[in-house]
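Enquirer: Just need the structure, nothing else, for what follows:
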Amino acid sequence: MNQTAVAELRPVAASERIQALDVVRGFALLGIFLMNIEWFNRPLADLGAGMAAGHTGIDYAVSWFIDVFVRGKFWTMFSMLFGMGFAVMLMRATAAQRSFIAPYLRRTAALAAIGLVHGVLIWGGDILLSYAAAAALLLLTLFGRFWHGLLVAAALAALGYAFKSQGVGSFVAALAIACLVALYLRNDTKVKIAGRQWPLLSLILAVAAVAAVAIAIVVAVMVATKGSGYGGLMGTALLGLLAWLSARYRNPPEKRTLRVGATLYLGPFAAMLIGAAIALAMPATPETASAQTAAEQTKETAAQKKEAAEQERKKQERRAEQRKQVATEARVMSGGTYREAVEFRAESYLGDFVQQGGFTIMVMGLFLVGAWFVQSGAIQHPQQYLGMFRKLAWIGLPVGTALAVIASFIAMSHVPGGNDKQWQLAIGLQSLGNLPMSLGYISAIVLLLQKRTWAKLLSWLAPAGRMALTNYLTQSVIASLFFYGYGLGHWGVGRAWQMLFVLVVFGLQLLLSRWWLSKFRYGPMEWLWRWATYARRPAMRIAQERLSGTAAAL
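Expert: The predicted structure is shown next:
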């Protein structure tokens, strides 16, 4: 292979690494483990239920701490870090005039394969497959053409029809949203209407808002049930707001990535929060329905009563199915064989994934936010952006903490049929705080790295961050073998013991990562991933790399 080919395929050298990224990635790895550890001791099917019932004393304190300072913050941070890695790879490929799309497609396919193996054979809480889907969507958004999106949408629709999976429709919707994002980021076409220039995306959203108004009016007239128009009105308001925002905040172009990324992540949670507030403000509830006057009750038609009863029946069926799923997973993971666990994970993990089109869009939004930090130069040259990082730390951390604390007072656990509206409000508040708090964490670390003493202490996180994929998978292997029934069977230990387990394992990972990287260029999984990405086996040992560089120079 000649020198040109080597330059095209060369992975990033150690001297080119961004130290702040590795340190933040190591910190995020600890937070991810603190969050994940609960779900090696509790069914993943219960993921949306919040704090488990029965916690007292130190277990309650640890659970509350994780809920406020960890939950949702670190997968958000890890997603932004992934976007930063995407931007770094693109930036370096562009500067060296190397191919980017083909290696990145191979990188994404390899990540999807690793995620599948992890999710089915080791732990069903894997997020790597979702990252791969979001990475593919991001590539389509930034580099694809309209017909590419149509082709992928048609393929997904065909797969959904072939396998009778309605969940695939969520990914088709995600593709539609990605196309709109591409219009905002990459298309500056304007349409002249009534003497005014309208950006194409803003015009599309405005027309959609008008159409939504018409549909909402028709629904309100034909259905005529209490509260029937709220959803349509919310959708109309959201479309109108997005039309205005996309027209008002197009410039400067270099900030579009940050703005649309934050909107994709925060938008769904803001809508959830507004919906919960409206639902709580509505006076009619099952408890107060009996207080209606006889005249009001006679206005309800038999068809409306039948529809309400049918909706309640379906709701009860979903709750019963959820309870059954939780019980089955607890039985299999606490005392089942490895084969039973794999069979269960294969069905539940893949079944959940096909429903995650909306989640994929949110992850892509975080990728875009992370990419902006690299494109702006803030991560590579933090000394020039210390003012921005100070603002993010001093605003993001208090705001995120306040929202999480308020949410904890509203509801810490979900009781289906009991506190549905309160739980939705709590989740909306906490989720809105995840992004500012994650940005606050990142900014605080960047600021501390500017101080010699802190930089020395935090440097211990860098090796673990360089081996983040290996360490993430290793955490799953160790935890599954320690807690699951086919391993040592310590399923269901208290939250305080879970935290101690995390600190011990992560401490060992810090030491092992430092030792490993003193001898080897990459972590084992990072080495495989780079091999798949660049279609060329990179040198593993540091001595081998130096020898290869000398040979290339000769």
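
Enquirer: Output the below-cut-off pLDDT ranges for this protein.
Expert: By pLDDT under 70, the weakly predicted segments of the chain are 1-17, 160-161, 163-166, 216, 219-235, 283-305, 307, 543-554.

Enquirer: in it, which residue is closest to the centre?
Expert: Against the mean C-alpha coordinate of the chain, by CA atoms, centre = their mean, the closest residue is residue 363 at 4.0 Å.

Enquirer: And for the closest residue to that one other than its chain neighbours, the neighbour number?
Expert: Distances taken as CB to CB, 6 or more residues apart in numbering place residue 134 nearest to residue 363, at 3.9 Å, with adjacent residues excluded. (Glycine included, C-beta is placed from N, CA and C.) The number of residues packed near residue 134 is 27, by other CB atoms under 10 Å.

Enquirer: And what about the residue nearest to the centre of the chain, helix, strand or coil?
Expert: Classification of residue 363 using DSSP: H, G, I helix; E, B strand; the rest coil returns helix.

Enquirer: And it, how far from residue 194?
Expert: For residue 363, the distance to residue 194 equals 39 Å [CB to CB, to the nearest Å].

Enquirer: Wait, the residue nearest to the centre of the chain touches residue 132, no?
Expert: No - using CB atoms under 8 Å as the test, residue 363 is too far from residue 132 to be in contact (10.2 Å).

Enquirer: how far out from the middle of the chain is the helix or strand residue 312 falls within?
Expert: For residue 312, the host element (DSSP states H and E) is helix 302-335. In this view, helix 302-335 has its centroid 26 Å away from the chain centroid, taken as CA atoms, centre = their mean, to the nearest Å.

Enquirer: Beyond that helix, next helix or strand please.
Expert: helix 338-353.

Enquirer: Give me the buried positions along that next one.
Expert: Neighbour-count burial for helix 338-353, counted by 16 or more other CB atoms under 10 Å, picks out 341, 342, 344, 345, 348, 349, 352, 353.

Enquirer: now swap in stretch 107-116 and tell me
Expert: By neighbour count on 16+ other CB under 10 Å, the buried set for stretch 107-116 is 107, 108, 110, 111, 112, 114, 115, 116.

Enquirer: Next: stretch 196-203.
Expert: Those would be 198, 199, 201, 202, 203, for stretch 196-203 by 16+ other CB under 10 Å.

Enquirer: Quick check: the two most widely separated of the residues you listed?
Expert: 198 and 201 (9.2 Å; CB to CB).

Enquirer: returning to what we had before: from the buried residues of helix 338-353, which single one is nearest residue 427?
Expert: Among the buried residues of helix 338-353, and counting by CB to CB, the member closest to residue 427 is residue 352, at 17.9 Å.

Enquirer: distance of the closest one from residue 378?
Expert: 35 Å.

Enquirer: hey, where'd the strands end up in the chain?
Expert: Ranges of strands in the chain, per DSSP state E, are 190-193, 196-199.

Enquirer: Residue 491 is nearest to which of those strands?
Expert: Proximity to residue 491 (CB to CB) singles out strand 196-199 among the strands of the chain, at 54.7 Å.

Enquirer: Show me what that closest one pairs with in its sheet, parallel or antiparallel.
Expert: Within its sheet, strand 196-199 is paired with strand 190-193 (antiparallel), according to DSSP bridges.

Enquirer: residues in contact with the strand it pairs with?
Expert: 197, 198, 199, 200, 203 (CB atoms under 8 Å, 6 or more residues apart in numbering).

Enquirer: Chain neighbours aside, what residue packs nearest to the last one?
Expert: Put plainly, it is residue 203. In space, and not counting its chain neighbours, residue 203 is closest to residue 191: 5.4 Å by CB to CB, 6+ apart.

Enquirer: who's that neighbour bridged to?
Expert: In this entry, residue 191 is beta-bridged to residue 198, by DSSP bridges.

Enquirer: So what's the residue count around it?
Expert: Residue 191, neighbours per other CB under 10 Å, totals 12.

Enquirer: From residue 197, how far out is it?
Expert: 7 Å.

Enquirer: before we move on, the earlier item: mind listing what the residue nearest to the centre of the chain touches?
Expert: By CB under 8 Å, 6+ apart, the contact set of residue 363 is 79, 130, 131, 134.

Enquirer: ok, back up a step: compare the strands of the chain and give me the one nearest residue 122.
Expert: Closest to residue 122 of these is strand 196-199 (CB to CB; 46.4 Å).

Enquirer: How far away from the center of its chain is the closest one?
Expert: On CA atoms, centre = their mean, the centre of strand 196-199 falls 34 Å from that of its chain.

Enquirer: can you check stretch 266-286 too?
Expert: 23 Å.

Enquirer: these two touch, right, residue 335 and residue 490?
Expert: No - if you go by CB under 8 Å, residue 335 and residue 490 don't touch, sitting 12.0 Å apart.

Enquirer: quick one: which of the two has more around it?
Expert: Between residue 335 and residue 490, residue 490 has the larger neighbour count (other CB under 10 Å), namely 17 against 13.

Enquirer: Quick check: the gap between that one and residue 183.
Expert: For residue 490, the distance to residue 183 - CB to CB - is 52 Å.

Enquirer: Then residue 420?
Expert: Distance from residue 420 to residue 183, by CB to CB: 36 Å.

Enquirer: more neighbours, those two?
Expert: residue 183 (20 against 15).

Enquirer: Might you report the residue contacts of the closest residue to the more buried one other than its chain neighbours?
Expert: With CB to CB, 6+ apart as the measure, residue 201 is the residue that lies nearest to residue 183, at 4.1 Å, once sequence neighbours are left out. Contact analysis of residue 201 by CB under 8 Å, 6+ apart lists 180, 183, 184, 187, 246.
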